[in-house]
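**Q** sharing a sequence plus its predicted fold:
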Amino acid sequence: MYILASTQASNFVSGVDRAFLLILGISFFFLIALTIVMIYFIYKYNRKRNPKATQIKGSTSLEIIWTVIPTILVLIMFYYGWAGWKPMKTAPDDSFNITVVGRMWNFTFEYENGKKTDTLFIPKDKPIKLNLKALDVIHSVYIPAFRVKEDVVPGREKFMWFIPQKEGIYELFCTEYCGLQHSYMYNWVKVMPEEDFIKWYVDTTKRAPVAVDSPSASGKRIMTNIGCLACHSLDGSKLVGPSFKGIYGHEVTVKTGGEERTITVDDEYIKRSIYDPNADIVDGFNKGLMLSYQGQLTDVEVEQIIEYLKTLK
């Protein structure tokens, strides 16, 4: 694995960096200049050199200078900032569309051919449009090397686009504090040559007749990818939700429709908890913290998750 920090990783790098360096340069200039003037005044007008204070009348010329010049500088900074931001708001019609699904606490990348990954695979030198979708709270997708960032807001259609210009692996993470395991929302972007990406993309439409991993191993991978382990521990410790350790076959006290009852954790209970997590609330935990995975997981994937839970003695 390698990480690139190239200044030209995307088509937006030059515009954003130009605005940033201009504002930074102006800020440093005035910081240094004003500091020098302050030190000079302290030296020149100290009590020994100027024992008697002198009243100085206002100067119209100075008032005009320090009003006009900052106004011009602010307008220049605004122009460069606007020029770097404006192209980000209109994606090309031929952009390659990928849906980014944010939920507590992970990102999933869904391709138009049905492939779902926890790493963003994209082709080099092609416009990429990320359609952003939040299932619970506000998240924010940020790819520092590409100089792009956009909030992911529940119930709103949001997007971001860019053209990756350098092959390599880059960081992608959430920059909107979204709860206890916010720092778990850390992913990678892999920029590939177009030929390699096409091969990878076409391969994702195929279904291998024989599974490479055992059902339990596949279940663990699925749970890791969709963020289950951010809320449920494997060692018996209490997090947002009940621990998975020894849960299968164990009796638990739950509230169903406001009534308390004791049930045994079996296949049906786990499946119901995944598809309708608010149906049975385990005693000591709160309702509404987990959203349904209906439509996000297939029955086969749920069966693999169950097989993995059976191994956690």
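**A** Cool, got the structure.
**Q** buried sites along stretch 124-142?
**A** Under the neighbour-count criterion of 16 or more other CB atoms under 10 Å, stretch 124-142 has 124, 127-137, 139-142 buried. C-beta here means a position set from N, CA and C on the backbone, and glycine is covered the same way.
**Q** secondary structure element for residue 302?
**A** According to DSSP states H and E, residue 302 maps onto helix 299-310.
**Q** residues contacting that helix, please?
**A** If you take CB atoms under 8 Å, 6 or more residues apart in numbering as the criterion, helix 299-310 is touched by 214-220, 222-223, 228, 244, 247-248, 267, 270-271, 274-275, 297.
**Q** got the buried residues for it?
**A** 301-302, 304-310.
**Q** now do stretch 253-260
**A** In stretch 253-260, counting by 16+ other CB under 10 Å, buried: residue 254.
**Q** and it, how far out from the chain middle?
**A** Offset of stretch 253-260 from its chain centre (CA atoms, centre = their mean, to the nearest Å): 36 Å.
**Q** send the alpha carbons of it over as PDB?
**A** Only the C-alpha atoms of stretch 253-260 are listed here, as PDB (Å, rounded to 0.1, in the frame of the first residue of the first chain):
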ATOM      1  CA  THR A 253     -34.500  -9.800  28.400                       C
ATOM      2  CA  VAL A 254     -36.100  -7.500  25.800                       C
ATOM      3  CA  LYS A 255     -39.000  -5.000  25.500                       C
ATOM      4  CA  THR A 256     -41.400  -5.800  22.700                       C
ATOM      5  CA  GLY A 257     -44.200  -3.300  22.100                       C
ATOM      6  CA  GLY A 258     -43.600  -1.900  25.600                       C
ATOM      7  CA  GLU A 259     -43.800  -5.300  27.300                       C
ATOM      8  CA  GLU A 260     -40.900  -7.100  28.900                       C
END
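**Q** what mean pLDDT does it have?
**A** Stretch 253-260 comes out with an average pLDDT of 84.
**Q** in the sheet, who's paired with the nearest residue to residue 154 once chain neighbours are set aside?
**A** Among residues not flanking residue 154 along the chain, residue 134 sits closest, at 4.5 Å (CB to CB, 6 or more residues apart in numbering). As for beta bridges, residue 134 partners with residue 102 under DSSP bridges.
**Q** ok, residue 134 - contacts?
**A** With CB under 8 Å, 6+ apart, residue 134 has these contacts: 101-103, 152-154.
**Q** confidence-wise, which helix or strand of this structure is lowest on average?
**A** Using mean pLDDT, DSSP states H and E, helix 215-225 stands out as the lowest-scoring helix or strand of the chain, at a mean of 79.
**Q** sorry, back to before: I'd like the contacts of residue 134 laid out as a markdown table, including neighbour count.
**A** Listed next are the contacts of residue 134 as a markdown table, based on neighbours: other CB atoms under 10 Å:
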| residue | neighbour count |
| --- | --- |
| 101 | 19 |
| 102 | 27 |
| 103 | 24 |
| 152 | 26 |
| 153 | 17 |
| 154 | 13 |
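**Q** and which of those residues is nearest residue 173?
**A** Of all the contacts of residue 134, residue 173 sits closest to residue 102, with 11.1 Å by CB to CB.
**Q** and the closest one, what's its pLDDT?
**A** For residue 102, pLDDT reads 92.
**Q** can I assume it is in contact with residue 135?
**A** Yes: between residue 102 and residue 135 a contact is recorded at 7.0 Å, counting by CB atoms under 8 Å.
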